[in-house]
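> Need a 3D model of the following:
(one chain, ligands or ions: 1)
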Amino acid sequence: MGWKQELSEAYRTPGELISQNGIELTESEELFFKKTEQNYFSFSVPRYYLSLIENRTIDPVRRQCIPSVEEFSVKPWELDDPLGEEKYKVSDRLIHRYRDRVLFLVTDTCAMYCRHCFRRNFAGGKRDVVTAQELKTAAEYISEHREVVEVILSGGDPLTLETAVLDRILSALKKAREDIVIRVGTRIPVVLPSRIDAALTDTLKRYSPLFVMTQFNHKNEITGRSSTACSMLIDAGIPVLNQAVLLKGVNDTTEDLENLFHALIRLRIKPYYLFQGDLAAGTSHFRVSLQKGLALMRELRERLSGLSLPVYAVDLPGGGGKIPLNGDYIGSLTDKGWELKNAEGKIFYYPEE
Ligand code: SF4
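Predicted coordinates:
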């Protein structure tokens, strides 16, 4: 079966989960689907990814793909725009937060809507695929802004686009700036590995230097099929790095993280970042306390080599930018939460939940 058919056959309703897969919904999952008259984040899970569920109720894969009613519980400190990107928008799809790189949101579609997603205000929305005019605007911008070294394609998941469409986007960016470095942020190798085919790798490798940034969060996501997909990219000369998210009930033990990072380096994938959860609305049930995250990293530092160990980092709420969670960046725990300092020396607070 081709990847497009696999994508079209992804489960999109609770009825399909139950009748075609024999999944029994928990009370919390059932309540989510009963409340969907409220505004909610899209639901879609490829059959392949669902098949990775081992334990039918408590499972790291299940937790990432089947929604629960906790998504409707929004904490006062949670935000629709948790990274504060609105003020850095050059256009609806282009964000220039850091001097040397821009984020380009090329589609709002994902193969799977990860329940912990912090881009839920864009992904699964009504923005669809970047238009020719929007692409032209982005290309002109990077052509005029020579300080931009990298373009990060995101969304949504850029690899849900047809190869010909991706080719058009990459070609326009490279024509505008021959020296541009491209990063593609994607969960495709994890959730729909069949999408990584020869036509795609042949296309991507023509736009070197191009990096694929993926997101494996648990060792159970590393299978024969996902390993093959990553090997195809790497063998084509496309470096693959992993940006995991620290998630409660998914990977919040030293063993889970150690197993994940070891499995990744065996696949030639560098564990690049481990992200502290962003303050996205309706995701508090996934957030691990910062105190626990720091303790996990202390243990991992004793167990893992520099190659296996990612940088533990957080995107400061309200547009403070990304900082590593170590050294001078971390202040004390106050009544307002953790005092964190960004590269410009400004103080931001992150709650200790
Ligand atoms: S693939 Fe990325 S953008 Fe899409 S739902 Fe998952 S985390 Fe969000």
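> alpha carbons only for contacts and neighbour counts from here, please
OK.
> who touches the residue nearest to the spatial centre of the chain in this structure?
The residue lying closest to the centre of the chain (Cα atoms, centre = their mean) is Gln215, at 5.7 Å. Gln215 sits next to Thr186, Arg187, Val190, Asn242, Gln243, Ala244, Val245 when contact means Cα atoms under 8 Å, 6 or more residues apart in numbering.
> again, 6 Å this time
Contacts for Gln215 (Cα atoms under 6 Å, 6 or more residues apart in numbering) come out as Arg187, Asn242, Gln243, Ala244.
> CSV for those residues, including pLDDT, distance to Leu264 and neighbour count?
CSV is the format used below for these (pLDDT from 0 to 100; distance: Cα to Cα, whole Å; neighbours: other Cα atoms under 10 Å):
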residue, pLDDT, distance to Leu264, neighbour count
Arg187, 98, 14, 26
Asn242, 98, 8, 24
Gln243, 98, 11, 22
Ala244, 98, 11, 24
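> So which of the residues you listed sit within strands?
Assignment to strands by DSSP state E places the following of the contacts of Gln215 there: Asn242, Gln243, Ala244.
> Can you pull the poorly scored residue ranges out of this protein?
For the chain, applying pLDDT under 70 flags the ranges 36-39.
> rerun at 90
Within the chain, the ranges that satisfy pLDDT under 90 run 1, 13-24, 34-41, 55-58, 79-80, 84-86, 121, 124-128, 317-319, 353.
> so Tyr49 sits right up against Val191, yeah?
Yes: assessed by Cα atoms under 6 Å, Tyr49 is found in contact with Val191 at 5.2 Å.
> For the two, indicate the residue with more neighbours.
Using other Cα atoms under 10 Å, the more surrounded residue of Tyr49 and Val191 is Val191, with 27 against 18.
> dump the residue contacts of that one.
Tyr49.
> Just want the phi and psi numbers for it.
Main-chain dihedrals, Val191, degrees, to the nearest 10: phi -110, psi -20.
> In three-state terms, label the nearest residue to Ser68 once chain neighbours are set aside for me.
Closest residue in space to Ser68, ignoring its immediate chain neighbours: Glu29 at 4.1 Å, by Cα to Cα, 6 or more residues apart in numbering. The three-state assignment at Glu29 reads helix, by DSSP: H, G, I helix; E, B strand; the rest coil.
> Distance check, Glu29 against the ligand.
Remark: distance between Glu29 and the ligand (Cα to the nearest ligand atom, to the nearest Å) = 18 Å.
> Ok, Asp315 next?
Using Cα to the nearest ligand atom, Asp315 is found at 15 Å from the ligand.
> if I've got this straight, that residue is in a helix?
No: using three-state DSSP, the secondary structure at Asp315 is strand, not a helix.
> Leu325 is in contact with that one, correct?
No: assessed by Cα under 6 Å, Asp315 is found out of contact with Leu325, at 10.0 Å.
> sorry, back to before: is it possible to export the ones in strands among the contacts of Gln215 to a markdown table including distance to the ligand?
Converted to a markdown table, the ones in strands among the contacts of Gln215 look like this (distance: Cα to the nearest ligand atom, whole Å):
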| residue | distance to the ligand |
| --- | --- |
| Asn242 | 13 |
| Gln243 | 10 |
| Ala244 | 10 |
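> List just the nearest of the residues you listed to Cys65.
Ala244 (15.4 Å; Cα to Cα).
> If the closest one is in a bridge, with which residues?
Residues in a beta bridge with Ala244, per DSSP bridges, are Leu274.
> Next up, the contacts around it.
With Cα under 6 Å, 6+ apart, Ala244 has these contacts: Gln215, Phe216, Asn217, Leu274.
> Go again with 7 Å.
Gln215, Phe216, Asn217, Tyr273, Leu274, Phe275 (Cα atoms under 7 Å, 6 or more residues apart in numbering).
> In three-state terms, label the residue in the stretch 151-300 of the chain positioned nearest to the ligand for me.
Residue nearest to the ligand within the stretch 151-300 of the chain: Gly156 (4.2 Å; Cα to the nearest ligand atom). The three-state label given to Gly156 by three-state DSSP is coil.
> That one: how many residues sit nearby?
With neighbours defined by other Cα under 10 Å, the count for Gly156 comes to 29.
> so it sits right up against Gly125, yeah?
No: shown here, Gly156 and Gly125 do not form a contact pair, counting by Cα atoms under 7 Å, at 9.1 Å.
> Right, I'll leave it there.
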